[in-house]
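Asks: Kindly generate the corresponding structure for this input.
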Amino acid sequence: MGRFPEIRLYAKHGALVLRDGLSICFYMRRSHQEVAQSVRRALDAYLRAVGPRALNWYVDQEGDWQELDEQGWELIQDKLHESGGGIVRLRERPDAVSRYLFEYRGRRLEGSNEGLISGVAFWLPTEYLEKHGPDRLRELALELGNELPFNSGHAGLAFHFLHTPPEFQQLALRHPGMDVLRLGLVTEELGTRVRGPHWMTFLGQPVLGELGGVAGLRARLSSPDITVQEMEGTRAVITLGTWPEAGDTEQGQEPPLYRELARVLEPWLYQAPPTQDSVADADLRRWERRFLD
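Replies: Below is the predicted model:
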């Protein structure tokens, strides 16, 4: 095994449905109209980093995957215009888990739903990290974060999946440093809470202020391998070690830096609301508290 676990799960017909990867995600308690220009700039930065042919397919207005041509880009640009909104999904391929994926959920923040947010996610394969190193990934995450008016965000190892097969729960608990993200659900519920910890955890307002700002945050973290970097707009990013860690509970490897940050952030951590499935709720709560219990 290399630095990261190589995870590949296939459907019966042979399509890859789950693999290891990377995600860079930001959450904004703002309406689509307020963040549209920032999201377009961040998408441009992502494409400069991964290459213009990394994303070849898009979801059309009927919800079907179409090859990304000039007409498709016009539709995407229209959706990312201030007067548009909704869902934008771009990926490398339509028939299996993609190495590269862009997803944006632009919401209209109306009414009393405090959980509703706009969110954006940029996906890459772990091969990108192995080839370019952690400094390049960190630079890319910071470049994207500087473009976006985030309340929180994160970057690091993550599962890429089309669906979650029966063995997925065991895999997720075995590798606690790998994120499990369903952006559609998160943008309906997260609000200004934090989905953490991750290799890079981005904090804006109000959480950073409630922690006492950058100085207060640094005072709560004792490990010399944890860095806190101030960003413009009264924001900060916390980085846990030089490389992201997946962890492996079967080998007794539970990333201690992630546990330390989890204890600091515990009052602000997001927990999904309960459903009608008590067994699934218990499994999810176990995963959400994997660095705390």
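Asks: Going along the chain, name the strands of the stretch 151-293 of the chain.
Replies: Remark: strands assigned in the stretch 151-293 of the chain by DSSP state E, counting those that start in this stretch are 152-161, 200-203, 226-231, 235-240.
Asks: Pull the number of nearby residues for His32.
Replies: 23 (other C-beta atoms under 10 Å). C-betas here are computed from N, CA, C, even on glycine.
Asks: for Leu171, same thing?
Replies: Using other C-beta under 10 Å, Leu171 is surrounded by 18 other residues.
Asks: what's the spacing between the closest residue to Val50 other than its chain neighbours and Pro224?
Replies: With sequence-adjacent residues excluded and distances taken as C-beta to C-beta, 6 or more residues apart in numbering, Val50 is closest to Tyr100, at 5.6 Å. Counting by C-beta to C-beta, to the nearest Å, the gap from Tyr100 to Pro224 is 35 Å.
Asks: For the two, work out which one has more neighbours and name it.
Replies: Tyr100 (23 against 6).
Asks: Isn't the more buried one up against Arg91?
Replies: Yes. With contacts counted by C-beta atoms under 8 Å, Tyr100 reaches Arg91, the gap being 7.0 Å.
Asks: Show me whatever sits in contact with both of those two.
Replies: Counting by C-beta atoms under 8 Å, 6 or more residues apart in numbering, the common neighbours of Tyr100 and Arg91 are Leu55.
Asks: just to revisit the earlier point, I'd like the distance between the residue nearest to Val50 and Gln205.
Replies: 31 Å.
Asks: can you put the strands of the stretch 151-293 of the chain in a markdown table and add mean neighbour count?
Replies: A markdown table is the format used below for the strands of the stretch 151-293 of the chain (neighbours: other C-beta atoms under 10 Å):
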| stretch | mean neighbour count |
| --- | --- |
| strand 152-161 | 25 |
| strand 200-203 | 26 |
| strand 226-231 | 16 |
| strand 235-240 | 22 |
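Asks: any low-confidence regions in the stretch 1-150 of the chain?
Replies: For the stretch 1-150 of the chain, residues meeting the criterion pLDDT under 70 lie at 1-2, 82-85, 112.
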